[in-house]
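Enquirer: With the sequence up front, the predicted model follows.
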Amino acid sequence: MQIQVINVAQKLPAWVEAACDDYLKRIPREISLKLVTVPLASRKSQQSSARQKQRESALILEKLTPGSLNIALDERGEPWSSTDWSKNLQRWMFDFPRVNLIIGGPDGLSPECIAACQHRVSLGKMTMPHALVKVVVVEQLYRAWTILKGHPYHRE
């Protein structure tokens, strides 16, 4: 199975890449985890945030393939515990060859992009920088795998 974490961002800090690389090394080969970055729409122009979201979401939608499970990371989504991530990962492995986890830009995702997703997941009520969201999502995928395998990384 392949999982794509698609995020909207400019150049991310080195610590984000280091943290993601660390988890990518730990994730087994059965899960092909790919990190895809879509460029942030220019904030210098006089475009509305709705137009910027549309531009970013159009680039995201180009990355989605038919038959994929698409999940939007959205503050209004369903909150998942680490155990929920694990149960969903197990289901994905049997039901979907490809899963896309989508992290929008500072203004979120367009209604069209949200509509292309079968699920919306929240990481909680906290506001986080998008760079940190990427790390949290990658870590939760690793944690989900360790829960499935009974690895002691996760302590509940």
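Expert: Alright, I've got the coordinates.
Enquirer: Verify the stated contact: T146 with Q140.
Expert: No - using Cβ atoms under 8 Å, T146 makes no contact with Q140, being 10.6 Å away. Bear in mind the C-beta positions are built from the backbone N, C-alpha and C, glycine included.
Enquirer: Show me which of those two is the more surrounded one.
Expert: Q140 (21 against 17; other Cβ atoms under 10 Å).
Enquirer: Mind listing what's buried along the helix-or-strand element of the chain with minimal mean pLDDT?
Expert: In the chain, the helix or strand scored least confidently by mean pLDDT, DSSP states H and E is helix 49-62, which has a mean of 88. Across helix 49-62, burial judged by 16 or more other Cβ atoms under 10 Å covers 52-57, 59-61.
Enquirer: In JSON lines, list those residues along with distance to E75.
Expert: Output for the buried residues of helix 49-62, formatted as JSON lines (distance: Cβ to Cβ, whole Å):
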{"residue": "Q52", "distance to E75": "18"}
{"residue": "K53", "distance to E75": "14"}
{"residue": "Q54", "distance to E75": "19"}
{"residue": "R55", "distance to E75": "21"}
{"residue": "E56", "distance to E75": "16"}
{"residue": "S57", "distance to E75": "16"}
{"residue": "L59", "distance to E75": "21"}
{"residue": "I60", "distance to E75": "17"}
{"residue": "L61", "distance to E75": "20"}
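Enquirer: Excluding sequence neighbours, find me the nearest residue to P28.
Expert: The shortest distance from P28 to any non-neighbouring residue, by Cβ to Cβ, 6 or more residues apart in numbering, is to W145 (6.7 Å).
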